[in-house]
Structure formats: structure tokens, C-alpha cells
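Student: I need the structure of the sequence given here:
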Amino acid sequence: MPESRKRRLDPRAPLVIDTRELSRRAGSLRHARLSVPAPPALGTEFLGVPVGAPVELDLRLESVMEGILVSGTARAPLTGECSRCLGALRATVDVELQQLFVYPELHSDASLTESDDIGELDDDRLDLEPAVRDAVVLALPLSPHCREDCPGLCPICGELRADLPADHAHDASDNRWAALAALRHNGTGLTRPEKIGRADPARTEDQES
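Tutor: Numbering: from 1, shown residues only. Prediction:
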């Protein structure tokens, strides 16, 4: 049995939901509205839900032949930074959820449990954290912007371009050409070096005389 199936769910975990009040009779329904603290790492590098922030869940739990189908929505606050100007970002994410959690006696059915969209019930409890995490992360932009036309930072001085004058500029000359520029400024020219080889006879006679 895979190690993940041996792990028991912690009933104190914020996104572990007890379904014992829901009958196993197919078609039985239960609605739940919950506010739970956000778990760690619920987001991306630039944007995410702060740990402990309220995650508002509006859920529909339905008994089906294979287990319990959970559907609904999750809403949570977001904080982060603009990927262009590194300014603070605050927003809200709303995502839809849907996942089937199969009964324990069906855990050995590979056709059910090998799907990423199917979870497993453990002692009539289900862990909604993976489903919430996947939905939130997929809904977030990889490079969030504080606004669509954010100009970002000046690559030379690092100042906010939005705060700089329109004619802001820097001398972007390449330091590798500084020596050549100094020679040109001093009026020094470059001459072609003497060719190395046999001596010119005429030049040699002039030198001897």
C-alpha cells in the first residue's frame, strides 16, 4: 500500500472536513459555509494567500456511488509584489472547486485513485487542502502587475520609472571602450605596426650610409 494511503488525516487541520453527518445514500446533500485559516505556501513566488488569512469556503457535499463529490468555491485575500516595479500588491482570489473523494473500500481500485482529480476518504474525513491549493495556484498569474501599464524600474538606477521625468536617461557608454575614447580625445592615432619579416634592402643601404 502506498505511503500516502497509510497517513492518517489530522482532524485539527483547517481544511480537513468531517463528513459523518452525510448519509452514504446516493443523492444525499449537505451544504457547508466555512471560514478557515490559510495553510502555508498557498500561492506563487510573487503572490499568495498569507498564512492564517481567512479562506471562505462555500461547499456542496453530495453522496455518490463511489464516495463524496465536493464542489463549490473558495475566496481568499492575496498579498505580494509587482513583478515589474516590486511594489506591494493586494487582491482577492475566487476559485471553483470540484473533487471526488472515494470510500475507503474503493482505495484499491486503481482506475479511481490514480486520477489527480480524485481524493480518498479517511475515517469519513476528507482533506480539501490539495484541491484548494491547486485551484488557487493555477488561478494566479506567474508575473503579477500592480497595473497593466506598470513601467517598472529603471534598469540603471533602480528608481521607479513612474516617478521619473519623461527625459530621464543615463550615459550608457560601454566601459570596455573607455581606453579607445581617451585616445581619440587626446588626438592620438593608431598606426599600423611594422611588418615583421626580411629587411628591405634599400632601407638597409640607407641606414648603412
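Student: Return the helix or strand in the chain with minimum mean pLDDT.
Tutor: helix 3-6 (a mean of 46; mean pLDDT, DSSP states H and E).
Student: Surely V137 is within a helix?
Tutor: Yes. Looking at V137 with DSSP: H, G, I helix; E, B strand; the rest coil, it is inside a helix.
Student: Grab the nearest non-local neighbour of it.
Tutor: Spatial nearest neighbour of V137, chain neighbours left out: T44 (6.3 Å); criterion: Cβ to Cβ, 6 or more residues apart in numbering. In this view, the C-beta of every residue, glycine as well, is placed from N, C-alpha and C.
Student: Identify the residues contacting that neighbour.
Tutor: 80, 137, 140, 142 (Cβ atoms under 8 Å, 6 or more residues apart in numbering).
Student: if we can go back for a sec, give me the next element, helix or strand, following the least confident helix or strand of the chain.
Tutor: strand 16-18 (DSSP states H and E).
Student: tell me which residues of that following strand are tucked away?
Tutor: If you call a residue buried by 16 or more other Cβ atoms under 10 Å, then strand 16-18 has these buried ones: 16-17.
Student: helices or strands up against that strand?
Tutor: Helices and strands touching strand 16-18, by 3 or more Cβ pairs under 8 Å, 6 or more residues apart in numbering; DSSP states H and E, are strand 125-127.
Student: Quick one: low-confidence residue ranges for this protein.
Tutor: For the chain, the stretches with pLDDT under 70 are 1-7, 107-116, 152, 158-165, 172-209.
Student: What is the neighbour count of Q98?
Tutor: 12 (other Cβ atoms under 10 Å).
Student: How about L15?
Tutor: Applying other Cβ under 10 Å, I find that L15 has 21 neighbouring residues.
Student: gap between it and P39?
Tutor: 7 Å (Cβ to Cβ, to the nearest Å).
Student: what do you get for C146?
Tutor: According to Cβ to Cβ, C146 and P39 sit 26 Å apart.
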